[in-house]
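> how would this look folded up:
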Amino acid sequence: MCLGIPGKVVEIVSLDEHRAIADVDGVRREINIGLVMGEEGGISVGEYVLIHVGFAMAKIDEEQAADTLAAIKELGSVFDDEINEFREPTPL
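All right, here's what the predicted structure looks like:
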């Protein structure tokens with residue numbers, strides 16, 4: 001199963017290359033932020049995004065991020081699978 005998982009943008013690596021570092025439950029990984037850069041206000045460190053296969057698909061607020069992560073964690077092994085997949089680098 002491949003879910004969108006919420007993460008917090010902790011570093012902008014390169015706006016020109018649409019690269020940032022996101023933190024999901026203590027796991028950090030590079031993601032592509034190109035799809036959310038055009039949203040109102042762009043994207044900044046400290047904001048939350050919904051991540052799917054290494055791409056930030058949408059900006060979400062902190063409450064949505066916490067609620068979504070809690071719901072995924074309740075799924076048990078699904079969360080474990082998602083967080084393990086998040087650990088693996090994805091070519092951007």
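> could you pick out the longest helix of the chain?
helix 62-74 (DSSP state H).
> got the buried residues for it?
By 16 or more other CB atoms under 10 Å, the buried positions in helix 62-74 come out as Ala65, Thr68, Leu69, Ile72. Heads up, the C-betas are built off the backbone N, CA and C, glycines and all.
> let's have those residues in JSON lines, adding distance to Leu35 and pLDDT.
Shown next, in JSON lines, are the buried residues of helix 62-74 (distance: CB to CB, whole Å; pLDDT from 0 to 100):
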{"residue": "Ala65", "distance to Leu35": "17", "pLDDT": "94"}
{"residue": "Thr68", "distance to Leu35": "18", "pLDDT": "88"}
{"residue": "Leu69", "distance to Leu35": "20", "pLDDT": "85"}
{"residue": "Ile72", "distance to Leu35": "21", "pLDDT": "80"}
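> can I get those residues in a markdown table including distance to Glu17?
Putting these into a markdown table (distance: CB to CB, whole Å) gives the following:
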| residue | distance to Glu17 |
| --- | --- |
| Ala65 | 24 |
| Thr68 | 27 |
| Leu69 | 27 |
| Ile72 | 29 |
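> hang on, isn't Met57 packed against Leu35?
Yes: here Met57 reaches Leu35: they are 6.0 Å apart, a contact under CB atoms under 8 Å.
> and these two? which has more neighbours close in?
Leu35 (16 against 13; other CB atoms under 10 Å).
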